[in-house]
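**Q** pasting the sequence and the predicted model now:
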Amino acid sequence: MNDTCPQCGQWRVDKAIDPAGPYAICPECGHRQRFRQLPLLVVTGARGTGKSTVCSRLMGTIEEVVLLDGDILWLPEYAPPEEGHHRFYETWLRVAKHISQGGRPVVLYGAGLGVPENLENCAQRRYLGPIHRLALTCDPGELEARLRARPQWRNSDDPSYIEAHVAFNQWFLDNANRFDPPIELLDTTDIPIKETVKRVTVWIRSKL
């Protein structure tokens, strides 16, 4: 579903949404375009908690959804946090909106995607249904060990990098219940990756 109105040809992201259809209503001409407003599922957490590994293990195993790793769209121009991060989140919501029109919800894996205000403040947010979030968490000591064990090219053994992601991990633990719906948590500290994959699969199917 394009942001360009099929009737008047004007480009408007800020269409009004009538949930009865649902319909996206063009602010210029009033054209009502029916679309699919499917839920978005986000598997999130700090680096080292297991997101990418779980995503790769689940590829091709859950046909009801489309699984995507958020890093595949990352570009250097998204790096400035003031504006670039917002453009990154808008881009992902636009991608999810278009994929949803095929009838399958999207499951996104990414760190910043799990912070509710990063997506809720986007113009493209209106075209998706409820957003469900599952945060993978980890004991701080184990998280540090996992980051230090990563390949050297990732520079994940830098003390400031580790400190930032340990703090981000704690943010999910401290704030999960502050949102509606709450961010659900899955502690991956002491469970093998096979069990983590199994539990994430159960969570995904419970949200469909």
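**A** The structure has been received and is ready for your questions. Numbers count the residues shown, from 1 in each chain.
**Q** tell me the buried residues in stretch 159-172?
**A** 162, 165, 166, 168, 169, 172 (16 or more other CB atoms under 10 Å). (Glycine included, C-beta is placed from N, CA and C.)
**Q** in helices, which of those appear?
**A** 162, 165, 166, 168, 169, 172 (DSSP state H).
**Q** so what's the residue count around the closest residue to the last one other than its chain neighbours?
**A** Which is residue 172. Computed as CB to CB, 6 or more residues apart in numbering, the closest residue to residue 172 that is not its neighbour in sequence is residue 135, at 4.2 Å. By the measure other CB atoms under 10 Å, the count of residues near residue 135 is 26.
**Q** need the CA coordinates for the host helix or strand of residue 135. PDB is fine.
**A** Element membership of residue 135 [criterion: DSSP states H and E] is strand 131-137. What follows is strand 131-137 as a C-alpha-only set of coordinates in PDB (Å, rounded to 0.1, in the frame of the first residue of the first chain):
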ATOM      1  CA  ILE A 131       2.800  -4.200  18.400                       C
ATOM      2  CA  HIS A 132       3.800  -7.100  20.600                       C
ATOM      3  CA  ARG A 133       7.300  -7.100  22.100                       C
ATOM      4  CA  LEU A 134       9.400  -9.900  23.500                       C
ATOM      5  CA  ALA A 135      12.800  -8.900  25.100                       C
ATOM      6  CA  LEU A 136      15.500 -11.500  25.400                       C
ATOM      7  CA  THR A 137      17.500 -10.700  28.600                       C
END
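**Q** contacting residues around that strand?
**A** For strand 131-137, the surrounding residues in contact (CB atoms under 8 Å, 6 or more residues apart in numbering) are 39-46, 49-51, 54, 114, 116, 119-120, 169, 172-173, 176, 179, 181, 183-189, 196, 200, 203, 207.
**Q** among these, which ones are buried?
**A** Buried among these by 16+ other CB under 10 Å: 39-46, 49-51, 54, 114, 116, 119, 169, 172, 176, 183, 186, 188, 196, 200, 203, 207.
**Q** list phi and psi for the residue lying closest to residue 21 once chain neighbours are set aside.
**A** Among residues not flanking residue 21 along the chain, residue 34 sits closest, at 4.8 Å (CB to CB, 6+ apart). Main-chain torsions, residue 34, degrees, to the nearest 10: phi -80, psi 140.
**Q** residue 106 too?
**A** Main-chain dihedrals, residue 106, degrees, to the nearest 10: phi -100, psi 140.
**Q** still on that earlier bit, in helices, which of the buried ones among the contacts of strand 131-137 fall?
**A** Using DSSP H, the buried ones among the contacts of strand 131-137 in helices are 51, 54, 116, 119, 169, 172, 196, 200, 203.
**Q** which pLDDT value goes with the closest residue to residue 12 other than its chain neighbours?
**A** Excluding the flanking residues, the one nearest residue 12 by CB to CB, 6+ apart is residue 27, at 5.5 Å. pLDDT, residue 27: 97.
**Q** looks like residue 27 contacts residue 14 (just checking).
**A** Yes. Assessed by CB atoms under 8 Å, residue 27 is found in contact with residue 14 at 6.5 Å.
**Q** the two: which has the busier surroundings?
**A** residue 27 (12 against 9).
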